[in-house]
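Peer 1: any chance you could fold what I've pasted below:
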Amino acid sequence: MSSKGDGCFSGLYAGETGWMCVQPSDTGVLMEICVQQAPMRFGPNQHEPVMSKIYDLLSDSLEADKMEMTRCMERLLIDDIVTGISAE
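Peer 2: The predicted structure follows:
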């Protein structure tokens, strides 16, 4: 995935590559995630505060993705439990 900035992020570009593996474990589910984020500058040099903001934005995006995956896994677990109860 790649994104080009606008507004205060004009001239900045962020590339993101990653993978995720989800597998069962003895105690639940094991999620392994590896993400590489590469913010880059194009055009005139940006000031350091803007680069700091883009790093924060990318970090917040990863955290939001992690929370969404956790919610999805919890919903799947609840669905399995409900299905098991209604089958009995």
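Peer 1: hey, let's count contacts and neighbours off CA atoms from now on
Peer 2: Noted.
Peer 1: how far away is residue 39 from residue 67?
Peer 2: Residue 39 sits 22 Å away from residue 67, going by CA to CA, to the nearest Å.
Peer 1: wait, I meant residue 55
Peer 2: As judged by CA to CA, residue 55 and residue 67 stand 19 Å apart.
Peer 1: which of these two has more residues huddled nearby?
Peer 2: The neighbour comparison of residue 55 against residue 67 (other CA atoms under 10 Å) goes to residue 55, with 16 against 12.
Peer 1: now do the contacts for the more buried one.
Peer 2: Neighbour list for residue 55: residue 39 [criterion: CA atoms under 8 Å, 6 or more residues apart in numbering].
Peer 1: looks to me like it is in a helix.
Peer 2: Yes. Under DSSP: H, G, I helix; E, B strand; the rest coil, residue 55 sits within a helix.
Peer 1: burial of residue 41, as a residue count?
Peer 2: 15.
Peer 1: spatially, which residue comes closest to it, not counting chain neighbours?
Peer 2: The shortest distance from residue 41 to any non-neighbouring residue, by CA to CA, 6 or more residues apart in numbering, is to residue 12 (4.6 Å).
Peer 1: from residue 21, how far off is residue 54?
Peer 2: Residue 54 is 27 Å from residue 21, by CA to CA.
Peer 1: which one of the two has more residues nearby?
Peer 2: residue 54 (19 against 9).
Peer 1: close enough to count as contact, the more buried one and residue 39?
Peer 2: Yes. At 7.4 Å, residue 54 counts as touching residue 39 under the criterion of CA atoms under 8 Å.
Peer 1: so what touches stretch 32-52?
Peer 2: Stretch 32-52 has contacts (CA under 8 Å, 6+ apart) with 8-9, 11-22, 54-55, 58.
Peer 1: after the lowest-mean-pLDDT helix or strand in the chain, which helix or strand is next? Please name it.
Peer 2: Taking mean pLDDT, DSSP states H and E as the measure, the helix or strand of the chain with the lowest value is strand 2-4, at a mean of 61. Downstream of strand 2-4, the first helix or strand assigned by DSSP states H and E is strand 12-25.
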